[in-house]
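Chemist: Pasting a predicted model and its sequence here:
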Amino acid sequence: MELYNHTRAQFAGQNVDLTALKVMLVGAGYTFAATETAMTAATAAEVSGNGWAAGGPTIANVTGSVVNTNEGQIDGDDISVTASGGDIGPASGLVVYDSISGKPLFYDTFASAQTAGDGTPFNITWDSTAGIYTVEAPA
């Protein structure tokens, strides 16, 4: 999972609404740029339809927690959307963003393009140890 340059500042300034975090799927046309501050490029490469709504689903039960004296973690429920009427994808990655501010926060690329066939779920499973993202305090 990669951070956009402004992500830490957004969290430190309490400018992120944890109840408004969404996951947008992006196709091969999206190139991660850490300097992005808006969803313009991600929206242009968005993958949606057949059950996966434009803008993506909201991540339920997002929490911020202290892992230890040097780490904090953001985690939420895994996502599963069943394809209906056709395939979801192919998607090459995802962007987690704050749907209120419209700012991208995290980007992750898939090892290979992912597709869920009609009637099967498109699943996003957060890391069981790191959650959506674990941030370590600088030394």
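Modeler: Alright, I've got the coordinates. Numbers count the residues shown, from 1 in each chain.
Chemist: Spell out the residue ranges of the strands in the protein.
Modeler: Assigned by DSSP state E, the strands in the chain fall at 2-3, 21-26, 46-47, 63-68, 71-75, 79-82, 88-98, 103-116, 121-124, 133-136.
Chemist: which one is the most centrally placed residue in the chain nearest to, not counting chain neighbours?
Modeler: The C-alpha lying nearest the average C-alpha coordinate of the chain belongs to residue 96 (CA atoms, centre = their mean; 2.4 Å). Closest residue in space to residue 96, ignoring its immediate chain neighbours: residue 106 at 4.2 Å, by CB to CB, 6 or more residues apart in numbering. For every residue, glycine as well, the C-beta is placed using N, CA and C.
Chemist: Just give me the neighbour total for the one you found.
Modeler: By other CB atoms under 10 Å, the residues close to residue 106 number 18.
Chemist: And for residue 59?
Modeler: With other CB under 10 Å as criterion, residue 59 counts 22.
Chemist: do you know how far the nearest residue to it once chain neighbours are set aside is from residue 40?
Modeler: Nearest in space to residue 59, with sequence neighbours left out and distances taken as CB to CB, 6+ apart, is residue 76 at 4.0 Å. In this view, residue 76 and residue 40 are 25 Å apart by CB to CB, to the nearest Å.
Chemist: more crowded one of these two?
Modeler: Remark: of residue 76 and residue 40, residue 76 carries more neighbours, 18 against 10, as counted by other CB under 10 Å.
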